[in-house]
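A.B. asks: Give me a 3D structure for the following:
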Amino acid sequence: MAQRPPVTLGMPLPRLDGPAKVSGRARYAAEHPAGDLLYGVIVDTPVARGHIERIDVRRAMAVPGVVEVITHENRPRMRSLDLFYKDMTAPVTGSPFKPLHDDQVHYSGQPVAVVVATSFEAARHAATLVDAQVAAEPHQTDLMAVLPEAREPSALRAGFKPPPKPRGDAEAAYAQAPVQVEAEFHHGAEHHNPMELHGTTVIYGRNRHLTVHDKTQGSQNVRWVLSRVFGLPKSRLTVKNEFVGGAFGSGLRPQPTVLLATMAALKLERSVRVVLTRQQMFNFGHRPESWQRVKLGAAPDGELLALTHDAVGATSRKEDYVEVVVNWSSQLYRSQTARLGYQLAELDHYSPMDMRAPGAAHGVHAIEVAMDELAHRLQMDPVALRLKNYADHDYNEDLPFSSKELRACYQQAAERFGWEGRPQAPRSMREGRELVGWGMASGTWDAMQMFARVHAVLQSDGKLLLRTAASDIGTGTLTVMTQIGAASMGMAMEDVTFELGDSNLPVAPVEGGSSHVTTIGSAVQGVCERLQHKLWELARKQPNSPFATCRFHDVGFAKGFMYLRFERDVTVRLTDILAAAGLKGLEEKYLMLPAVLKQKKYTRAVHSAVFCEVKVDEDFGTVRVTRVVSAIAAGRIINLQTARSQIIGGVVWGISQALHEETQADQQLGRFMNRDFAQYHVPVNADIHDIDVIFVEEKDRIASRLGAKGVGEIGLVGVAAAVCNAIHHATGRRILSLPMTPDKVMAP
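C.D. replies: Predicted coordinates:
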């Protein structure tokens, strides 16, 4: 039998949780069993703004099996101050939504009651019998109608950077520029539709302890909110999220389901499960609708003389939800003058929420389409224009990049795609009845790092246990962290166990912003290094030890042994080191704190270049994305297989954003209308063709001790722009609103 190669960083390893997921053994939030379980079904209102006059629950209560109908009038005691409802990712400015708090209605789809019954079927039927009378008040849900009322946002939100101060007089430079491009963009709202519906199972246990299984990207974030809202000590709460069936932003903040399920469990002193329907998934946060204007002024050789980028994003009347939308433009490109602006407009919707690559998904799209239009007017190759204005450092912050291999992304992706064969003029290529177009775009995203703690135990049998309250939303966290532990300690994957998804484990941040590998992964490597140091110290103390005089960096670890690097046959089994020291196990902890003083001297970012081919049937307006090449510079790649999977998923979502996804609103009703997969379109297998992923070699020890950055967000950024630019190359039509549906493609 062939010997397995040692586990290394970068090795393409399959997901450890794959067998459990495909066999059905993995339990998600709404699948955990509990004795005497009650089922809650949410009753919502279609009114966009108003107040509840009365709620008649008599018919619902008469349904056999119904235990209670909870409304704002009979809910258990909950704290009222906004402070208690603010989670770790909430905007600082504004008031978080408080379900069943009072008689006020703030958005269409707002929960006004929860029917709780001994069966889901009884609860669902009874929910249709609850009569909630709501007095409607004037509402506004049309972003374009309130653009003149847009205002400056609060700058207080983790990860948000307001636009930088202007550089020079961009308006005057634009007016004098020989070549000018001005374009306005509109992006409609998009809703999260992960495979797993948002749901919560609250198990009411001994001593009134609540075990909360919730679809969340941060178990400790949920526990934090539940503890504060209900006035419960953390010792009475355990939040678990071992398996999460997709999230990418929808689980960053605790959603109403977890508050409503906990509310019912406390009131009835029973275990309760609350799950949203697919239609109700459209009742809470979404990627906000946005309007943008980009103006580029250039010299005849393509040098940017002026760059202005303005954006207005939708928010709720309750909170200032903000995103970094415009900053990417002058971070990507060098321009003699630049002015960026970002404002918010209030609508009567639930507060928007992060969705994969928030802000960049819209902002980078606008600048990349504008750059393509500039290249067209200059009769210049789009790649050449980007290289002409390549930013060697961050002009927003006047800082160098910790690493930037975007040039290599352009070069490698263009070569793989065959870009040199692209004719300059639109409508130059055709296959049968379809026009063929080639387009490209750049992408960028922050390389984030947070803080985390990992606890490690090297057991007497040689197995390694790693524990932290990280989350795995389907990105491969479990596998990658196990791989880092195995590679660090020189062990096989099966000898390492990584525990996550439990609020009682050591502190970890919410999984968001593509920061888990740089954060949790660095902590795993750090705690393993401490274990190695302890093992080295113990080995040196053994009688007649061959390691007595060696230094720590003279030893290595492989196959469960410690060895001398300069004399590989001098080894000692790790279990023998523990046994000789009389230890049943060796424990160590590591607190990963970002090297802020070093990191603040650089801009840390990931980059990409996306090239795509489209085929357009003008008679029907249909667009097929037939080829995509995405080159990614994201530092050291820890697991080639899971990282590639992330980029492929991002490209699919980018195609979806470009051609399919938009939530349509009836402004008179103030309500999103296409609330199911029959009408809210997402790609299916037939829509996705060849996707080729390239990882450009790059290591960044400033971004993380691993040399890694994140790959979750960057796969999406720039994809929609590349599709748009390819459609223009195929048809000669420039479409400035997403999604680019057949009616827009056919428009003259």
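A.B. asks: Next up, the contacts around the most centrally placed residue in the chain.
C.D. replies: Central residue check for the chain by CA atoms, centre = their mean: the C-alpha nearest the mean position is that of Phe248, 3.5 Å away. For Phe248, the contacting residues are His192, Pro194, Met355, Arg356, Ile473, Gly712, by CB atoms under 8 Å, 6 or more residues apart in numbering. Using the backbone N, CA and C atoms, a C-beta is placed for each residue, glycine as well.
A.B. asks: Phi and psi next, for it.
C.D. replies: According to degrees, to the nearest 10, the main-chain angles of Phe248 amount to phi 50, psi 40.
A.B. asks: that older thread, make JSON lines from the contacts of Phe248 and add secondary structure, neighbour count and pLDDT to it.
C.D. replies: Below are the contacts of Phe248 laid out as JSON lines (DSSP: H, G, I helix; E, B strand; the rest coil; neighbours: other CB atoms under 10 Å; pLDDT from 0 to 100):
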{"residue": "His192", "secondary structure": "coil", "neighbour count": "21", "pLDDT": "95"}
{"residue": "Pro194", "secondary structure": "coil", "neighbour count": "18", "pLDDT": "93"}
{"residue": "Met355", "secondary structure": "coil", "neighbour count": "25", "pLDDT": "96"}
{"residue": "Arg356", "secondary structure": "coil", "neighbour count": "26", "pLDDT": "96"}
{"residue": "Ile473", "secondary structure": "coil", "neighbour count": "27", "pLDDT": "95"}
{"residue": "Gly712", "secondary structure": "coil", "neighbour count": "28", "pLDDT": "93"}
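A.B. asks: what sits against the nearest residue to Glu303 once chain neighbours are set aside?
C.D. replies: Using CB to CB, 6 or more residues apart in numbering and skipping the chain neighbours, the partner closest in space to Glu303 is Lys388 (6.3 Å). Residues near Lys388 by CB under 8 Å, 6+ apart: Asp301, Gly302, Glu303, Met380.
A.B. asks: In JSON lines: those, plus secondary structure, distance to Ala361 and pLDDT.
C.D. replies: Supplementary listing: the contacts of Lys388 in JSON lines, determined by DSSP: H, G, I helix; E, B strand; the rest coil; distance: CB to CB, whole Å; pLDDT from 0 to 100:
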{"residue": "Asp301", "secondary structure": "coil", "distance to Ala361": "31", "pLDDT": "98"}
{"residue": "Gly302", "secondary structure": "coil", "distance to Ala361": "26", "pLDDT": "98"}
{"residue": "Glu303", "secondary structure": "coil", "distance to Ala361": "28", "pLDDT": "98"}
{"residue": "Met380", "secondary structure": "coil", "distance to Ala361": "26", "pLDDT": "98"}
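A.B. asks: Tell me the buried residues within the residues you listed.
C.D. replies: With neighbours counted by 16 or more other CB atoms under 10 Å, those contain buried members at Gly302, Glu303, Met380.
A.B. asks: Same list (those residues) but as JSON lines, adding distance to Asp214.
C.D. replies: What follows is those, written out as JSON lines (distance: CB to CB, whole Å):
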{"residue": "Gly302", "distance to Asp214": "52"}
{"residue": "Glu303", "distance to Asp214": "53"}
{"residue": "Met380", "distance to Asp214": "52"}
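A.B. asks: just the residues you listed now: which is nearest Lys601?
C.D. replies: Nearest to Lys601 among these: Glu303, at 28.5 Å, using CB to CB.
A.B. asks: Do you know the pLDDT at the residue nearest to the centre of the chain?
C.D. replies: For Phe248, the pLDDT comes out at 92.
A.B. asks: With the one 10 residues further on instead?
C.D. replies: The predicted local confidence for Val258 comes out at a pLDDT of 98.
A.B. asks: what secondary structure does it sit in?
C.D. replies: State at Val258, reduced to three classes by DSSP: H, G, I helix; E, B strand; the rest coil: helix.
A.B. asks: Greatest separation within the contacts of Lys388: which pair is it?
C.D. replies: With distances taken as CB to CB, the most widely separated pair in these is Glu303 and Met380, at 11.0 Å.
A.B. asks: quick one: the helices in the stretch 601-748 of the chain?
C.D. replies: Taking DSSP state H, counting those that start in this stretch as the criterion, the stretch 601-748 of the chain carries its helices at 640-659, 719-731, 742-746.
A.B. asks: These into JSON lines, with extra columns for mean pLDDT?
C.D. replies: As requested, the helices of the stretch 601-748 of the chain are arranged in JSON lines below (pLDDT from 0 to 100):
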{"stretch": "helix 640-659", "mean pLDDT": "97"}
{"stretch": "helix 719-731", "mean pLDDT": "98"}
{"stretch": "helix 742-746", "mean pLDDT": "95"}
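A.B. asks: okay if I get those helices as CSV plus distance to Lys98?
C.D. replies: Formatted as CSV, the helices of the stretch 601-748 of the chain follow (distance: least, CB to CB, whole Å):
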stretch, distance to Lys98
helix 640-659, 32
helix 719-731, 35
helix 742-746, 40
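A.B. asks: most packed of these?
C.D. replies: Counting by mean count of other CB atoms under 10 Å, helix 719-731 has the highest mean neighbour count of the helices of the stretch 601-748 of the chain, with a mean of 28.
A.B. asks: Check which helices and strands that one sits against.
C.D. replies: helix 360-378, strand 434-446, strand 605-617, strand 622-633, helix 640-659 (3 or more CB pairs under 8 Å, 6 or more residues apart in numbering; DSSP states H and E).
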